[in-house]
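S.K.: sequence below, structure please.
(2 chains)
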Amino acid sequence: MTHERENIIEIKNLTKSYGKKRGVKAISLSVRQGDIFGFLGQNGAGKSTTIRSMLGLLHYQEGEIRILQMDAVKNQNEILRQVGYMPSEAMFYPSMKVKEVISFAARARKTDCSKEAARLCEVLKVDEEKKIEELSLGNRKKVSIVCAMQHRPRLLILDEPTSGLDPLMQEAFFELLLEYNRQGTTCFLSSHVLSEVKNYCRHAAIIKEGAIIRTDTVENLSKSDARYVKLTRGGQKREFVYTGKINALLHELANMQVEDVLIEEPSLDEIFRHYYEDKESGADMQKEGQI
Amino acid sequence: MTLFIQELKMGRKQLLAWTICIGICCFGCILLFQGLEETMEEMGDVYAQMGAFATALNLDRMDAGTMEGFFATEISMIFAVGGAMFAAMMGICMLTKEEEGHTVEFLNTLPFGRNYIVVWKYIAMTALIALLNGICLCWELLGFICAGEMMPLRELLLFHGAQFLMHLEVGSICFLASVFCRKKQMGASLGFAILLYGMDLMCRIVPDLKNLKYVTPYYFSNAAEIFINGSIEGKMVGISVVVIVFCGCAAAVLYKRKDF
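M.R.: The predicted model follows:
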C-alpha cells in the first residue's frame, strides 16, 4: 500500500492582474509535504505575485490557494503562524536592534523561540546587539532567515533567499534548509539562480510572463530530448539546441563539411534559457532538416 | 499588545520632542505672564478695538490682562495648534511608515491579521496623543504653581478633554488618509492641521462661513468658549465622535482590501 503525501501548497487557476498590467494568469501548481520545490523565473515573471498571493499580501481575482490544507484567504492567520517567510527584500525597522526584531517576530507567534533563535544566530554569525540600520543587505538577509526559521515552521516560503549572501553564508543557509527539511519542513524556494534549484530542489516549476510553462522533477527537467550542438564548419563556430531525432541530426551532419562537432545534453541553465528565448524568432533552436 | 508596545517605542522620540516643545512653550508663556501683566492690560484695550480680529480670538469676551484670559486667548492656541500638528503627523505616519520603509511585508506576514494591525496602530496613535495632552497639562500645572496663580480646575480639565478629542479627530482623519498613501505625507498633514485652525478663525470672522464650525474641530475645543460657558457644545462633540469612529472604521475596512 502506497502512502500518498498530502499537498502542502495547492494553487488552482490563480489569476492576479494589476489593472491593465499582467500579474499571473491561471497558475496551477502543487507542492507535496517534505518537498523542496523550486520556483524558477526571470524578474517580473510572476514569482513574487504568486508568493504574495499565497501569503495574503495580494487579493487575487480568480482561483483558489490552499496552504497546509487550509484556505489561504479564510485561514490566513493560522497559515502565517505555521509558515516561515523570507522576502526578497529583507527590511526591518531601522531603529530596532537585531534581537528586538527577532523577539518581535517570535512574540507575534506567541512562541518562545529563544533557543532556536540563538542557535540560528550562532550558525549564521548574526550580531544580535547591532541595530538594523547598521546592517548590510547580507546581514539583514541573515536576520530574515532567523525570523523565518526560529519557530520551526511546517512550510518555508523563500523569495530569492540567497541574494546578498556571501558564498559561505549561502552554504550555511542551505545546510539549515536541508536540516529543517529532514525534520519535515516543506520548502518553497523562488529563485533565478539555477544551480540552487538543481542542487537542492526535488521539484521545480518554470514561470514565464505570468504563466507556468513546465512543472516537473528537477531530474526530469534536466533530462531532455534536446541536445546542445557545437559545431565548426568552414572555420565558423555555431552553437544551437537541437530538438529532433538524433539519427536525423547525425545524418545531416554526415552530409556536411564539418570540421568539429560536440553534441551534449543541455544543462539546466540552457534548458531554462531555452524556455526563455523567443521561440518565434527561432534564434538558436533548430529542428530536423533545419541545420 | 505586541504591536502596541512596539508603536509606543517607535513614537517615543517624537513624543518627547513635541512634549518638550509645546510643554515648555506653554510653561514659559505662563511664567512670562507675570512680567507682561501690565502690558497685557493695556493691550486689552487695543485688542478691543480690533473688531473682527478680536472676535476671532475671543479677545472681545476674555480679558487678556488676566491669567485666565491670557491662557484662553494665547497659550491655548499654542497648545491647540501644536498638538494638532503632532496628531496629524502621528496619524499620517502610522500606516504609511510601513510602506515607505518597506516593512509592510514583514509586518503583514506575521500572524497578526490586518484588523489587529489597524486596531493596535490606532490605539497606539490615541495613546501617544493622550500622552502628549497629559504631559503638556502637567507642564501647564507646573507653570501655574510657579506663577502662583491657579486656573479653575474644572474648566481647565474640560478644555484639555476637548483638546484631546480635537487632536484625536485630526489624527483619525490623517490615519484614514494614510491608507491611501504609499509615502509619508508629512507636509500635507501639518498643512491640514493648520488649515483647520484657519477655518476656525474664518468662521468666527466671516458670518457667511459660520457653518465651517461644523467642519473644524478647533471650534468646539476653543478655550475661551469653554472658560466663558463652562461647558462644551454637545452637538459638536457628537460630530467629532462620529468623525473619529467613521475614520477608524473606514481605515480598517480599506486597509483590509489593500494590496501590498
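
S.K.: surely residue B:82 meets residue B:23?
M.R.: No: counting by Cβ atoms under 8 Å, residue B:82 does not reach residue B:23; the two are 9.3 Å apart. In short, each C-beta sits where N, CA and C put it, glycine included.

S.K.: neighbours around the residue in the stretch 101-250 of chain A that chain B sits nearest to, how many?
M.R.: Residue of the stretch 101-250 of chain A nearest chain B, by Cβ to the nearest Cβ: residue A:108 (3.8 Å). Taking other Cβ atoms under 10 Å in any protein chain shown as the neighbour definition, residue A:108 ends up with a count of 22.

S.K.: model confidence for it, exactly?
M.R.: Looking at residue A:108, its pLDDT reads 90.

S.K.: again, but for residue A:99
M.R.: For residue A:99, pLDDT reads 92.

S.K.: am I right that it falls within a helix?
M.R.: Yes: checked against DSSP: H, G, I helix; E, B strand; the rest coil, residue A:99 lies within a helix.

S.K.: tally of neighbours for it?
M.R.: 19.

S.K.: so who does it touch?
M.R.: Contact analysis of residue A:99 by Cβ atoms under 8 Å, 6 or more residues apart in numbering or on different chains lists A:128, A:129.

S.K.: run through the chain and note the low-pLDDT ranges.
M.R.: By default, I'm working from chain A. Residues of chain A that meet the criterion pLDDT under 70 lie in A:1-4, A:224-225, A:267-269, A:274, A:276-291.

S.K.: actually chain B
M.R.: In chain B (pLDDT under 70), the answer is B:37-38, B:40-45, B:47-48, B:50-53.

S.K.: still on that earlier bit, residues in contact with the residue of the stretch 101-250 of chain A closest to chain B?
M.R.: B:2, B:110, B:111, B:112 are the contacts of residue A:108 under Cβ under 8 Å, 6+ apart.

S.K.: so how far is residue A:152 from it?
M.R.: For residue A:108, the distance to residue A:152 (Cβ to Cβ, to the nearest Å) stands at 15 Å.

S.K.: repeat for residue A:143
M.R.: Taking Cβ to Cβ as the measure, residue A:143 falls 17 Å from residue A:152.

S.K.: partner residues bridging the residue nearest to the spatial centre of chain A?
M.R.: Residue closest to the average C-alpha location in chain A (Cα atoms, centre = their mean): residue A:190, at 2.4 Å. Legend: beta-bridge partners of residue A:190 under DSSP bridges are residue A:39, residue A:159.

S.K.: part of a strand, is residue A:13?
M.R.: Yes: under three-state DSSP, residue A:13 falls within a strand.

S.K.: residues contacting it?
M.R.: Taking Cβ under 8 Å, 6+ apart, one finds A:26, A:27, A:28, A:62, A:63, A:64 in contact with residue A:13.

S.K.: if we go to 7 Å?
M.R.: Listed by Cβ atoms under 7 Å, 6 or more residues apart in numbering or on different chains, the contact partners of residue A:13 are A:26, A:28, A:62, A:63.

S.K.: quick one: buried ones out of these?
M.R.: Listed as buried from the contacts of residue A:13 are residue A:63; burial here means 16 or more other Cβ atoms under 10 Å in any protein chain shown.

S.K.: I'd like the contacts of residue A:13 as a markdown table, with secondary structure and distance to residue A:200 appended.
M.R.: Output for the contacts of residue A:13, formatted as a markdown table (DSSP: H, G, I helix; E, B strand; the rest coil; distance: Cβ to Cβ, whole Å):
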| residue | secondary structure | distance to residue A:200 |
| --- | --- | --- |
| A:26 | strand | 28 |
| A:28 | strand | 24 |
| A:62 | strand | 32 |
| A:63 | strand | 28 |
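
S.K.: and the residue nearest to residue B:185 when sequence neighbours are not counted, which of the three is it?
M.R.: The shortest distance from residue B:185 to any non-neighbouring residue, by Cβ to Cβ, 6 or more residues apart in numbering or on different chains, is to residue B:92 (5.5 Å). At residue B:92 the chain is in helix, as set by three-state DSSP.

S.K.: next up, the contacts around residue B:92.
M.R.: B:174, B:177, B:178, B:184, B:185, B:186, B:189.

S.K.: ok so, going back, quick one, phi/psi of the residue of the stretch 101-250 of chain A closest to chain B?
M.R.: Torsion angles at residue A:108 (phi, psi; degrees, to the nearest 10) stand at phi -60, psi -30.

S.K.: gap between it and residue B:129?
M.R.: Residue A:108 is 25 Å from residue B:129, by Cβ to Cβ.

S.K.: give me every residue that touches the residue lying closest to residue A:101 once chain neighbours are set aside.
M.R.: Leaving out its chain neighbours, the residue that sits closest to residue A:101 by Cβ to Cβ, 6+ apart is residue A:92, at 4.8 Å. Taking Cβ under 7 Å, 6+ apart, we find residue A:92 in contact with A:101, A:132, A:140, A:143, B:103, B:106.

S.K.: what's the answer for residue B:114, then?
M.R.: Applying Cβ under 7 Å, 6+ apart to residue B:114 gives the contacts B:255, B:256.

S.K.: how about residue B:228?
M.R.: By Cβ under 7 Å, 6+ apart, residue B:228 lies in contact with B:61, B:62.

S.K.: repeat that for residue A:206.
M.R.: If you count contacts by Cβ under 7 Å, 6+ apart, residue A:206 has them with A:40, A:41, A:212, A:213, A:214, A:272, A:275.

S.K.: what about 6 Å?
M.R.: A:40, A:213, A:214, A:275 (Cβ atoms under 6 Å, 6 or more residues apart in numbering or on different chains).

S.K.: and the residue nearest to residue B:185, how far is that from residue B:125?
M.R.: 10 Å.

S.K.: and for residue A:232?
M.R.: For residue A:232 relative to residue B:125 (Cβ to Cβ), the value is 72 Å.

S.K.: quick one, phi/psi of residue 110?
M.R.: Going with chain A. Dihedral angles (degrees, to the nearest 10) for residue A:110: phi 50, psi 40.

S.K.: try residue B:77
M.R.: phi -70, psi -40.

S.K.: give me the neighbour count for it.
M.R.: Counted by other Cβ under 10 Å, the residues lying close to residue B:77 total 19.

S.K.: what's the answer for the one 4 residues further on, then?
M.R.: Neighbour count of residue B:81, defined by other Cβ under 10 Å: 17.

S.K.: around chain A, pick out the residues from the stretch 101-250 of chain B.
M.R.: With the criterion set to Cβ under 6 Å from any Cβ of the partner chain, the stretch 101-250 of chain B comes near chain A through B:102, B:103, B:105, B:108, B:109, B:110, B:111, B:112, B:113.

S.K.: which of those residues are buried?
M.R.: Those of those that meet the buried threshold are B:103, B:105, B:108, B:109, B:110, B:111, B:112, by 16+ other Cβ under 10 Å.

S.K.: just say helix, strand or coil for the last one.
M.R.: Classification of residue B:112 by three-state DSSP places it in coil.

S.K.: who has more neighbours, residue A:143 and residue A:152?
M.R.: Using other Cβ under 10 Å, the more surrounded residue of residue A:143 and residue A:152 is residue A:143, with 25 against 15.

S.K.: contacting residues for the more buried one?
M.R.: Contacts of residue A:143 (Cβ under 6 Å, 6+ apart): residue A:98.

S.K.: and it, what element?
M.R.: Per DSSP states H and E, residue A:143 falls inside helix A:137-149.

S.K.: got the angle for the longest helix anywhere in chain A vs helix A:137-149?
M.R.: As assigned by DSSP state H, the longest helix anywhere in chain A is helix A:167-182. Taking axes from the mean of the first three to the mean of the last three Cα atoms, to 10 degrees, helix A:167-182 and helix A:137-149 form an angle of 10 degrees between their directions.

S.K.: and the longest helix anywhere in chain B, is it in reach of chain A?
M.R.: Secondary structure of chain B per DSSP H: the longest helix is helix B:2-48. Yes: Helix B:2-48 reaches chain A (Cβ under 6 Å from any Cβ) through residue B:2.

S.K.: what about the helices in the stretch 51-200 of chain B?
M.R.: Using DSSP state H, counting those that start in this stretch, the helices of the stretch 51-200 of chain B run over residues B:52-56, B:67-70, B:76-100, B:104-108, B:114-147, B:153-179, B:186-205.
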